[in-house]
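*Asks:* here's my sequence, what's the structure:
(3 chains)
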Amino acid sequence: MGWYDTHARDLPWRVGPTARKNGALPDPYGVWLSEVMLQQTTVAAVRDYFLRFTTLWPTVGDLAAAEDAAVMGEWAGLGYYARARNLLKCARVVAGEFGGRFPDTEDGLRDLPGIGPYTAAAIASIAFDRPAVVMDGNVERVMARLFAVQTPLPAAKPELKTLAARLTPADRPGCHAQAVMDLGATICTPRNPACGICPVMTACAARKAGIAADLPTKAPKKAKPTRHGIAYLVQRVDGAWLLETRPDKGLLGGMLGWPGSDWTEGAPTDAPPVAADWRDPGLEVRHTFTHFHLSLSLRLACVGLDTVPQRGEFHDLATFRPANLPTVMRKAFDLAKGAMPATSAPH
DNA sequence: AAGCCGGGGCG
DNA sequence: CGCCCAGGCTT
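*Replies:* The predicted structure is shown next:
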């Protein structure tokens, strides 16, 4: 048992290289669960969630039988909540249609909800030792450096996959896939790669050329436009806040938020959700989404108990949880609450 | 093909 | 605190 086995012991879903050499393979359920959790998420963030899930639901059948709300609740804090919904869908297909056994091929896995090209290849490789070419951000970076590929991402993806395929062995491909990803996660890191302790430093073209830290190159990011909007935060005299549930589709779909104007690149159109004596406290929330910056101007008002809003619903102070708001809406709340007149709790 | 979806880590 | 990270689904 070497240091790499010790490392594997810190990953509860992992069967270490020595055990794998002796023919052991991990439970496909644990591989699938961990790989879905690891999509866009670090090992450190996933560990406790994985242990909690496998304790509550030791098999895919147990997970399939769980209540939706229980699974979503356990996922809270991990982010990208569509993953949790697809996780449950996938568990129910595997338990209901495949007798609790995951497909053992890349194509079969790819057809399941929440399993895309990366995850299908990862499960086929790690759980079934199939020679799938596993491509994630780590592998792309390792290949770009090892072979000094200068083509910017994402155009370089096919080339990087060809290089990775050439390195994928017929003998224990699952071990190989995990090793390359581990290398990318621990040594061949995006910034400050630890080339001095890299096990493949003598083979690395980028290291030889002194450009490892500059690869992979990436296409310049499109400049984000700034959109402007107005959010209306109104509190009833009993402390209740007026909120609305956003439409299921689109930005922040299905999430709770403050009523507001459209978010436009020009000046926003005033759109108060209720007739009131609106104040402009000069507060502005700045938030950046994937494709635009947002400058959100706040308007505040207090209204009487008999107020009937044109949009949204009042949420009692006793049950309102700012933590249930998406970040941009919580920022607006945090700014506004300091500018609202003190309200007494309902009695 | 492009937009959307969170949270963590680093400089 | 701002910037970077990057897999899958939807339209």
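*Asks:* quick one: low-confidence parts of the stretch 201-347 of chain A?
*Replies:* Low-confidence segments of the stretch 201-347 of chain A, defined by pLDDT under 70, span residues A:221-223, A:247-250, A:253-254, A:290, A:323, A:341-347.
*Asks:* where do the helices sit along it?
*Replies:* For the stretch 201-347 of chain A, applying DSSP state H, counting those that start in this stretch gives helices covering A:205-209, A:327-337.
*Asks:* buried residues, stretch A:151-168. List them.
*Replies:* Within stretch A:151-168, the residues that qualify as buried by neighbour count (16 or more other Cβ atoms under 10 Å) are A:Leu153, A:Ala156, A:Leu160, A:Lys161, A:Leu163, A:Ala164, A:Thr168. Quick note: C-beta positions are derived from backbone N, CA and C, even for glycine.
*Asks:* again, but for stretch A:32-44
*Replies:* Buried, per 16+ other Cβ under 10 Å, within stretch A:32-44: A:Trp32, A:Leu33, A:Ser34, A:Glu35, A:Val36, A:Met37, A:Leu38, A:Gln39.
*Asks:* again with stretch A:274-287
*Replies:* A:Val274, A:Ala276, A:Leu283, A:Val285.
*Asks:* now the residues you listed in JSON lines, with distance to A:Leu63?
*Replies:* Shown next, in JSON lines, are the buried residues of stretch A:274-287 (distance: Cβ to Cβ, whole Å):
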{"residue": "A:Val274", "distance to A:Leu63": "44"}
{"residue": "A:Ala276", "distance to A:Leu63": "48"}
{"residue": "A:Leu283", "distance to A:Leu63": "44"}
{"residue": "A:Val285", "distance to A:Leu63": "38"}
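*Asks:* mind listing which of those residues are in strands?
*Replies:* Members of those lying in strands (criterion: DSSP state E): A:Val285.
*Asks:* which SS state does A:Arg47 fall under?
*Replies:* Under DSSP: H, G, I helix; E, B strand; the rest coil, A:Arg47 falls in the helix class.
*Asks:* if we can go back for a sec, quick one: which of the buried residues of stretch A:32-44 is nearest to DNA strand B?
*Replies:* A:Gln39 (7.8 Å; Cβ to the nearest atom of the strand).
*Asks:* OK, contacts around the closest one?
*Replies:* Taking Cβ atoms under 8 Å, 6 or more residues apart in numbering, we find A:Gln39 in contact with A:Tyr80, A:Arg83, A:Tyr118, A:Thr119.
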